[in-house]
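# quick check, what structure comes out for this input:
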Amino acid sequence: MSPVEGEDRSGRVLRRGPVRAAPQEDERLLSGPAPGFLDTDPWRVLRIQAEFVEGFEELARVGDAVSVFGSARVTEMDPVYAAARELGARLVEHGYAVITGGGPGLMEATNRGASDAGGLSIGCNIELPFEQHINEYVNLGIEFRYFFVRKMMFVKYAQAFVIFPGGLGTLDELFEAATLIQTGKVRHFPLILFGTDYWTGLKTWLAERPLAENKIAPIDMDLFSLTDDLGEAVEIIDRARAASRREGDVAAP
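The predicted structure follows:
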């Protein structure tokens, strides 16, 4: 695929343009020791370090941001696509950058809303066995080889997660965020599940099995906010931002 006019690439950072296929580094890392692994795995640590450094460098100045997750398989004809697009625009209007996985479906919808509203639309893409291009509505894109590095960026530079209906990847991000909140690793961090019809079954199961069997605490059920109202979602995020700023003022010397 030939470069497009206006593409700005610095190392693994992409500011608009095509995404080229690359070897699967996650697969190599997790495949276990192999003949000669002492010649490869220790050096792979430097590659992992480089991904962290590049991600930190590019995202450190984004300011207030919200990470939004959801299915890559949703088409523009689905009503939830329109909801994600509107959320992207509303978040920009309230002073947030938007961070997604940078791919198609609901990621594209959210980036599209943010871009159309004139905001910072960020995509943290991951190499997959099938080629996944950064969607055309991303104006700051970063390509990652390693899922765990990419997931760090979603959490470190966001003040909230909004979770639209999605599959295994979305569930992975949902429960990682819930664990970080539960264990106090992040504070004032709203975790909003958008689409009560989709998510109510999950919350019911958590109450009927893990909670009932004393595998989680009652307070853990409050980690999630369920809503079908975009305005309510943004209001929850705004309240958390205000609380975080008040706490920062109190803590300042």
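# low-confidence bits of the stretch 151-253 of the chain, can you list those?
Within the stretch 151-253 of the chain, the segments meeting pLDDT under 70 span 248-253.
# make it 80
Along the stretch 151-253 of the chain, the parts satisfying pLDDT under 80 run over 187-188, 247-253.
# and residue 218, how many neighbours?
9 (other CB atoms under 10 Å). The C-beta positions use only the backbone N, C-alpha and C, and glycine is treated the same way.
# quick check: phi and psi at the nearest residue to it once chain neighbours are set aside.
Once flanking residues are discounted, residue 218 sits nearest to residue 211: 6.7 Å by CB to CB, 6 or more residues apart in numbering. Torsion angles at residue 211 (phi, psi; degrees, to the nearest 10) stand at phi -70, psi -50.
# residues in contact with residue 211?
Contacts for residue 211 were tallied using CB atoms under 8 Å, 6 or more residues apart in numbering; they are 217-218, 220-221.
# ok, it to residue 180 distance?
From residue 211 across to residue 180, the span is 19 Å (CB to CB, to the nearest Å).
# repeat for residue 145
23 Å.
# which one's more surrounded, those two?
For residue 145 versus residue 180, neighbours defined as other CB under 10 Å are more numerous around residue 145 (22 against 17).
# that one contacts residue 50, correct?
No. Between residue 145 and residue 50 there is no contact under CB atoms under 8 Å: 9.8 Å.
# who are the packing partners of the host helix or strand of residue 204?
Taking DSSP states H and E as the criterion, residue 204 maps to helix 196-206. Packed against helix 196-206, as judged by 3 or more CB pairs under 8 Å, 6 or more residues apart in numbering; DSSP states H and E, are the following elements: strand 191-194, strand 225-227.
# buried ones in the last one, by neighbour count?
So that's strand 225-227. Buried positions in strand 225-227, judged by neighbour count with 16 or more other CB atoms under 10 Å: 225-227.
# ok, and what's touching that strand?
By CB under 8 Å, 6+ apart, the list of residues contacting strand 225-227 from outside reads 190-194, 196, 199-200, 203, 233, 236.
# of those residues, which is the nearest to residue 71?
Proximity of the contacts of strand 225-227 to residue 71 (CB to CB) peaks at residue 194, which lies at 12.0 Å.
# skipping adjacent residues, who's closest to the closest one in space?
Using CB to CB, 6+ apart and skipping the chain neighbours, the partner closest in space to residue 194 is residue 164 (5.2 Å).
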